[in-house]
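Peer 1: Would you be able to build a 3D model of this:
(2 chains)
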Number of protein chains: 2
Amino acid sequence: MNNVFGVYNPVKIHFGRGLIAETGRIAKKYSDSALIATGKNSMQKTGTLDRVTKSLKDAGVKPVVYDKITPNPTIKEIDEAAEIVRKNNIGMIIGLGGGSPLDAAKAIAVAAKDNIPVWNYLKTPADKALPVITIVSTSGTGSEVNRYSVMTNPETGEKPGFGYECMYPKEAVIDPEIMASMPPYVTATTGFDVFVHALEAFTGKAINAFSSAYCMQAFYLLKDNLLKAYNEPDNLDARGNMALASALAGLAIDISGVGIIHALEHPVSGNYPSVAHGAGLAALAVASMKYNLESRKRDFMLIAHHYGIKRAGKSDDEYAASLIEKIKEVLAALKLNITLKYLGVEKDKLAKISKEAFMTMGFAVQNNPAPIDEKEALRLLESSY
Amino acid sequence: MNNVFGVYNPVKIHFGRGLIAETGRIAKKYSDSALIATGKNSMQKTGTLDRVTKSLKDAGVKPVVYDKITPNPTIKEIDEAAEIVRKNNIGMIIGLGGGSPLDAAKAIAVAAKDNIPVWNYLKTPADKALPVITIVSTSGTGSEVNRYSVMTNPETGEKPGFGYECMYPKEAVIDPEIMASMPPYVTATTGFDVFVHALEAFTGKAINAFSSAYCMQAFYLLKDNLLKAYNEPDNLDARGNMALASALAGLAIDISGVGIIHALEHPVSGNYPSVAHGAGLAALAVASMKYNLESRKRDFMLIAHHYGIKRAGKSDDEYAASLIEKIKEVLAALKLNITLKYLGVEKDKLAKISKEAFMTMGFAVQNNPAPIDEKEALRLLESSY
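Peer 2: As a prediction, this is how the structure comes out:
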């Protein structure tokens, strides 16, 4: 871990129950007006959106709600929201919800600065963006604390991620109280996303002493809290610890990136927007872990240790492999022991998905511990089918 | 660990061998002129100062060297350097060396903005400072990555720490190559400072999931590298790992503060400026750890685990206490099994030192896990004598 690298994350993180009431005070520093990027459902039903808009108004910040963000946000939504921001001269973007509105908020913040389609920023680096505040309702996406945004081109099914320094949220509000309303399926899929973030950052080529510290802490928190949060939705301690694990893993991927599981999942949910990101990851995880096991045996053993798996009399090989068995158990307990077929992916689309992973998620492919080509990736997809 | 807290550290960290050659490129973004705050000795002798000034000149940044920073930097030095900065309209401060020049650089950056003595900033919060770049030559101080500055009032012996958000270094250059020149005594004292940072942050009242991640990684790195860097000064891997441990522990105290060992040490080296900070910590550590043991038994066990101490058949009490025995061994191996008397502290000064700890280091006293008053602190000083 002793090579040349950089570490930087300027996000101001606020963690604690009831903190969304502070949104107005936090936002007021940046602007008198805010676009709230959110979805159509849970934030309204749970009253969270109302609490946020009230806090903003009380602090003298005018909220404009854009609630058309879909689970895999499209470039059309982002460009439309950016147009609203420009026309109304809105000074700040607040992402409210799960990974999708948070990702969208960052993309809108960039796109609103220039009058060009957001898709262009895949090739043209952005160096300015409106200030972004994230209020995360799931744990987790990691998006609350990092610069990444994932967007979908509905015409092609492409679902690339991008992220520039100007896209870091200024502040992140992590309030476990608003997470208690997550339905079990969302707890399961977003919680498993946390595990895969930590796994892929920790075993990836770009790991360093800082990101591995985040990952180890995330594994430690996941071990005791992922299933607890799933089985006891109102357990605010478990919700809080999962929110922490999400942020820690989000910081880890901000530094050290992801790997083949994310590279393959993006085109899965890009082509099938009804597939939840974490469900796609669940379908792909076991085959991908088996693929990487040999090249990261020691890392797998360390994760097994941090995940609380007893060594007992196991050989190194057995102990490393025991992590995969453990994750199979976790997936089963989360009702996520599923296949791509189960998720509705068509078999004849697998080759297209493999190709797109290499086209739009090249940085994740490169960061994967074991070298992999399109053919091997296709084989992973087939094993996960 | 699941309460209300904030986490924020905007320092851009660059880690790697040979990176000081990049100083000019990094600095140029901020200004065309830089005051280099450094000491009189090692940075000159090792040629590091020359390499830094050359890199700056090559990039078109005019360096002005202020090389009068002493091991416990005084307010006189800081005010004098700030005056030079103001008079010459210098746009940035580069701290080069160990904790002292780095601390001084941050204080100069604040003091140069207004024409008032730096001592005033203990009471009046600062909200602006010149950009600071830190180039650290010891591991470690932690100062390279946090907002804290410690300054000494030579007339009173007071040595308070202070730190405001505007004082975060913009960027930190951590180059293990320049650490190979540390003499063994400096490796020992600064290395032990890293341990005490991690210990006091981890066991302190303000610990959270982020700072504890940094601490655990620091303990893990200390275990294998503190004695190795001491015994094999040219081992750049060990130097690099100690540099990482220093930065990690520096981030941890930035979030979660220090405790009674630091609170008592500051007035020790404040009154006896020839005492190295880490030597003062070494004299105070064992008695202070014994004092805190009962209230943080579980933390001590966790640290023992991360420090690689085998549990074997030990009871909880025995395992927690084994950390103190281990630290005694480490201190002996570093030739730091020393007393305050050995360091030249006069016995009749202990009451003054205890009093000053509560006056100038109240935040550290408050953060100490076991409650402590002036009388108990005096008893700790006596046990350490």
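Peer 1: I'd like to know how far the residue of chain A positioned farthest from its centre sits from A:A320.
Peer 2: Centroid-distance maximum for chain A: A:G313 at 36.4 Å, with Cα atoms, centre = their mean. Distance, A:G313 to A:A320, by Cβ to Cβ, to the nearest Å: 15 Å. Bear in mind the C-beta positions are built from the backbone N, C-alpha and C, glycine included.
Peer 1: Likewise for A:K375?
Peer 2: Using Cβ to Cβ, A:K375 is found at 26 Å from A:A320.
Peer 1: so which strand or helix has the residue nearest to A:I108 when sequence neighbours are not counted?
Peer 2: Excluding its sequence neighbours, the residue lying closest to A:I108 (Cβ to Cβ, 6 or more residues apart in numbering or on different chains) is A:A81, at 4.7 Å. Using DSSP states H and E, A:A81 falls within helix A:75-88.
Peer 1: Could you give the average pLDDT over that helix?
Peer 2: For helix A:75-88, mean pLDDT is 97.
Peer 1: can you give me the offset of it from its chain's centre?
Peer 2: With Cα atoms, centre = their mean, to the nearest Å as the basis, helix A:75-88 stands 23 Å off its chain's centre.
Peer 1: do the same with stretch A:209-226
Peer 2: 15 Å.
Peer 1: got it, and stretch A:248-258?
Peer 2: Taking the mean of its C-alpha atoms, stretch A:248-258 sits 10 Å from the chain's own mean (Cα atoms, centre = their mean).
Peer 1: right, is that stretch up against chain B?
Peer 2: Yes - residues of stretch A:248-258 are located near chain B by Cβ under 8 Å from any Cβ of the partner chain, namely A:L248.
Peer 1: Need the residues that contact that stretch.
Peer 2: A:5, A:7, A:9, A:140-148, A:194-198, A:200-202, A:204, A:206-208, A:210-212, A:214-215, A:217-218, A:221, A:363-364, A:367, B:209-210, B:213 (Cβ atoms under 8 Å, 6 or more residues apart in numbering or on different chains).
Peer 1: Filter those residues down to just the ones in strands.
Peer 2: A:F5, A:V7, A:N9 (DSSP state E).
Peer 1: can you pull up the bridge partners for the second one?
Peer 2: A:V7 has these beta-bridge partners by DSSP bridges: B:I13.
Peer 1: Pull the number of nearby residues for it.
Peer 2: Neighbourhood size, A:V7 [other Cβ atoms under 10 Å in any protein chain shown]: 23.
Peer 1: Look at it and report its pLDDT.
Peer 2: 96.
Peer 1: which residues touch it?
Peer 2: A:N208, A:F210, A:S211, A:I255, B:K12, B:I13, B:F15.
Peer 1: per-residue pLDDT, the most centrally placed residue in chain A?
Peer 2: Within chain A, one residue has its C-alpha closest to the average C-alpha position: by Cα atoms, centre = their mean, that is A:T141, at 3.0 Å. Reading off the confidence values, A:T141 has pLDDT 87.
Peer 1: any idea how far it lies from B:H14?
Peer 2: Distance of A:T141 to B:H14, computed by Cβ to Cβ: 28 Å.
Peer 1: re earlier: from the contacts of A:V7, which two are the most distant?
Peer 2: Spatially, the most separated pair among the contacts of A:V7 is A:S211 and B:K12, at 15.3 Å (Cβ to Cβ).
Peer 1: who has more neighbours, these two?
Peer 2: Neighbours were tallied for A:S211 and for B:K12 using other Cβ under 10 Å; the higher tally belongs to A:S211 (27 against 19).
Peer 1: Enumerate the positions of the longest helix belonging to chain A that are buried.
Peer 2: Identified as the longest helix of chain A according to DSSP state H is helix A:209-231. By 16 or more other Cβ atoms under 10 Å in any protein chain shown, the buried positions in helix A:209-231 come out as A:209-230.
Peer 1: so how far is it from its chain's centroid?
Peer 2: Distance of helix A:209-231 from its chain centroid, counting by Cα atoms, centre = their mean, is 15 Å.
Peer 1: now stretch A:205-220
Peer 2: Distance, stretch centre to chain centre, for stretch A:205-220: 16 Å (Cα atoms, centre = their mean).
Peer 1: helices or strands next to the helix or strand containing A:L293 in the packing?
Peer 2: If you go by DSSP H and E, A:L293 is part of helix A:277-293. For helix A:277-293, the packing partners by 3 or more Cβ pairs under 8 Å, 6 or more residues apart in numbering or on different chains; DSSP states H and E come out as helix A:184-203, helix A:260-271, helix A:316-333, helix A:374-383.
Peer 1: Give me the pLDDT for the residue lying closest to A:V136 once chain neighbours are set aside.
Peer 2: Excluding its sequence neighbours, the residue lying closest to A:V136 (Cβ to Cβ, 6+ apart) is A:E144, at 3.9 Å. For A:E144, the pLDDT comes out at 97.
Peer 1: My guess is A:E144 contacts A:K170. True?
Peer 2: No - the pair A:E144 / A:K170 is not scored as a contact, 11.9 Å apart, by Cβ atoms under 8 Å.
Peer 1: A:H14 touches A:I20, doesn't it?
Peer 2: No - counting by Cβ under 8 Å, A:H14 sits too far from A:I20 to count as a contact (9.6 Å).
Peer 1: intersection of neighbour lists for the two?
Peer 2: Common contacts of A:H14 and A:I20 (Cβ under 8 Å, 6+ apart): A:V173.
Peer 1: got any ranges where the stretch 101-250 of chain A has weak pLDDT?
Peer 2: Applying pLDDT under 70 to the stretch 101-250 of chain A flags no residue at all.
Peer 1: Quick one: name the residues of it near chain B.
Peer 2: For the stretch 101-250 of chain A, the residues in contact with chain B (Cβ under 8 Å from any Cβ) are A:176, A:208-210, A:212-214, A:216-217, A:221, A:237, A:240-241, A:244, A:247-248.
Peer 1: run the last query once more with 7 Å
Peer 2: Applying Cβ under 7 Å from any Cβ of the partner chain, we find that the stretch 101-250 of chain A lies next to chain B at A:A209, A:S212, A:A213, A:Y214, A:M216, A:Q217, A:L221, A:D237, A:G240, A:N241, A:L244, A:L248.
Peer 1: residues contacting the first one?
Peer 2: Yep, that's A:A209 we're talking about. The neighbours of A:A209, taking Cβ atoms under 7 Å, 6 or more residues apart in numbering or on different chains as the test, are A:M1, B:Q217, B:L221, B:L244, B:L248.
Peer 1: Also the fourth one?
Peer 2: Listed by Cβ under 7 Å, 6+ apart, the contact partners of A:Y214 are A:L248, A:A249, A:L251, A:A252, B:A213.
Peer 1: swap the cut-off to 8 Å and go again
Peer 2: A:A198, A:A201, A:L248, A:A249, A:L251, A:A252, A:I255, B:A213.
Peer 1: How much space separates the third one from A:E200?
Peer 2: Remark: distance between A:L248 and A:E200 (Cβ to Cβ) = 14 Å.
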